[in-house]
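Asks: only the shape, not the letters, is given here:
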């Protein structure tokens with residue numbers, strides 16, 4: 001298992017399946033109204049970040065969502081699921097405001113946003129997922145909520161709360177027995193698989 005940054009304990013398990021680390025944005029792009037292959041719906045705003053994590057690789061992270069709309073006139077009434085985008089900008093000390101009462105297409109970042117964002121630092125939380133890769137190991141996923149450096153405990157606490165309320169449905173709890181797989185304990189082999 002590849003680990004980077006500082007690991008942080010969460011839940012009541014004996015090992016940690018959560019990593020909170022400071023990262024630096026090395027590249028940034030924004031899309032509007034785009035649906036990714038893994039999504040059911042398009043996001044009103046989507047941000048792709050390339051991150052320096054202090055290793056010889058630079059992972060990407062996606063943060064996006066849709067605004068809350070007034071159903072009668074189709075105007076924005078709040079951040080909705082795009083609140084994660086606001087959280088990112090707050091975390092890098094570049095707060096942004098939403099133009100309530102306008103249509104989605106009128107809410108765009110400035111053309112020079114990239115020049116203000118690249119080089120900024122924030123806290124990223126990654127967690128071990130119940131989702132499995134082709135090689136059978138569990139997948140690490142980024143949580144789209146972010147925070148300022150120095151707020152590590154607040155970010156961990158927010159994640160713990162989100163897991164407890166089942167907003168994060170694929171967190172692999174370290175104390176969960178299913179982490180080891182569906183084993184036939186007496187035979188020591190995977191249950192239900194032919195020998």
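Replies: Great, that's in hand. In this text, all values refer to a predicted model and were calculated from it rather than measured experimentally. Residues are numbered from 1 along each chain as shown.
Asks: which positions in the one helix or strand residue 139 maps to come out as buried?
Replies: Residue 139 is located in strand 138-147, with elements delineated by DSSP states H and E. Residues of strand 138-147 classed as buried by neighbour count (16 or more other CB atoms under 10 Å): 138, 140-147. (Each C-beta comes from the backbone N, C-alpha and C, glycine too.)
Asks: mind listing the helices for this structure?
Replies: Assigned by DSSP state H, the helices in the chain fall at 83-91, 113-117, 152-164.
Asks: so which of these is nearest residue 32?
Replies: Nearest of these to residue 32, taken as CB to CB: helix 83-91 at 11.3 Å.
Asks: between that closest one and strand 138-147, how many degrees?
Replies: 60 degrees (axes from the mean of the first three to the mean of the last three CA atoms, to 10 degrees).
Asks: in helix 83-91, what counts as buried?
Replies: Those would be 83-89, 91, for helix 83-91 by 16+ other CB under 10 Å.
Asks: what's the farthest-apart pair in those residues?
Replies: 83 and 91 (12.4 Å).
Asks: re earlier: want to throw the helices of the chain into a markdown table with distance to residue 48 and mean pLDDT?
Replies: Shown next, in a markdown table, are those (distance: least, CB to CB, whole Å; pLDDT from 0 to 100):
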| stretch | distance to residue 48 | mean pLDDT |
| --- | --- | --- |
| helix 83-91 | 12 | 96 |
| helix 113-117 | 11 | 94 |
| helix 152-164 | 21 | 94 |
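Asks: quick check: end-to-end length of stretch 54-74?
Replies: 44 Å (CA to CA, to the nearest Å).
Asks: point out where this structure drops to low pLDDT.
Replies: 1-15, 176-195 (pLDDT under 70).
Asks: so which bits of the lengthiest strand in the chain are buried?
Replies: Assignment by DSSP state E gives strand 18-31 as the longest strand of the chain. Across strand 18-31, burial judged by 16+ other CB under 10 Å covers 18-25, 28, 30-31.
Asks: between the residues you listed, which sits nearest residue 42?
Replies: residue 31 (9.1 Å).
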